[in-house]
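Visitor: Mind folding the following:
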Amino acid sequence: MTTYYAHVNSHDELTKVDMSLMIEDSYGSTNVQNIEVSETVFKHQKEYMFKNGKIVKNPNYPIEQLKKAKTAKYEENSQKAKEARYSKKFTVTLQEKECEFDTSEETQRDLLTAFDVCSSGITYDGWITNNGVEIDLTLEDILIISATFKEKSSVYGQWNAYKTAIDNASTVEEVERITINYVN
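Guide: Now for the predicted structure:
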């Protein structure tokens with residue numbers, strides 16, 4: 001009977017592995033040999049594995065890769081949705097003046113502050129619009145701006161459609177074919 005002992009000296013995913021193999025035969029003599037282990041396993045450690053002395057595909061590898069691809073695509077979807085949501089401009093007519101606003105987070109915060117001020121019956125004085133119009137806003141003006149802001153900044157429908165497409169993808173290739181492009 002021959003017993004095999006293996007010791008890995010070093011390995012790198014991009015190079016072959018040097019391995020010392022010590023063979024002990026039934027007579028008690030030992031012989032040490034340096035061998036190279038198949039590149040396939042060490043270049044693709046997650047994709048392949050040793051099973052019963054053979055190199056076989058890792059059955060979990062496609063699942064892991066699909067999860068990784070979906071996670072990256074979900075992140076891309078969220079990032080592009082955020083960019084689309086906060087980068088739009090719109091114009092409303094207030095007090096016979098054309099006033100330009102944007103859907104930035106700053107405008108959203110300013111609208112909340114203006115709403116708080118105007119809710120107590122006071123006008124919000126000195127708002128400078130994106131096109132340089134100075135205006136004193138009433139509660140009615142704030143509600144008009146806020147309604148338009150909500151309409152223009154809404155990306156949920158598109159975001160959800162992309163999320164559903166990602167959820168339904170069953171291969172990495174299907175995930176990679178999903179092109180995320182938010183339409184204004």
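Visitor: which non-adjacent residue is nearest A84?
Guide: Of all residues not flanking A84 in the chain, Y182 sits nearest, at 3.5 Å (CB to CB, 6 or more residues apart in numbering). Placement of C-beta: from N, CA and C, glycine included.
Visitor: for S87, same thing?
Guide: Distances taken as CB to CB, 6+ apart place T103 nearest to S87, at 7.0 Å, with adjacent residues excluded.
Visitor: can you check I128 too?
Guide: Leaving aside its chain neighbours, I128 sits nearest to E134 (5.4 Å; criterion: CB to CB, 6+ apart).
Visitor: The one you found: how many residues sit nearby?
Guide: Neighbourhood size, E134 [other CB atoms under 10 Å]: 11.
Visitor: Could I get the full set of helices for this structure?
Guide: For the chain, the helices defined by DSSP state H occupy 39-43, 61-85, 105-119, 139-153, 156-168, 172-177.
Visitor: tell me the domain ranges of the chain?
Guide: What the record gives for the chain is the domain set 3-57, 60-184, from automatic domain parsing.
Visitor: What count of nearby residues applies to W159?
Guide: As a burial measure, W159 scores 19 neighbours (other CB under 10 Å).
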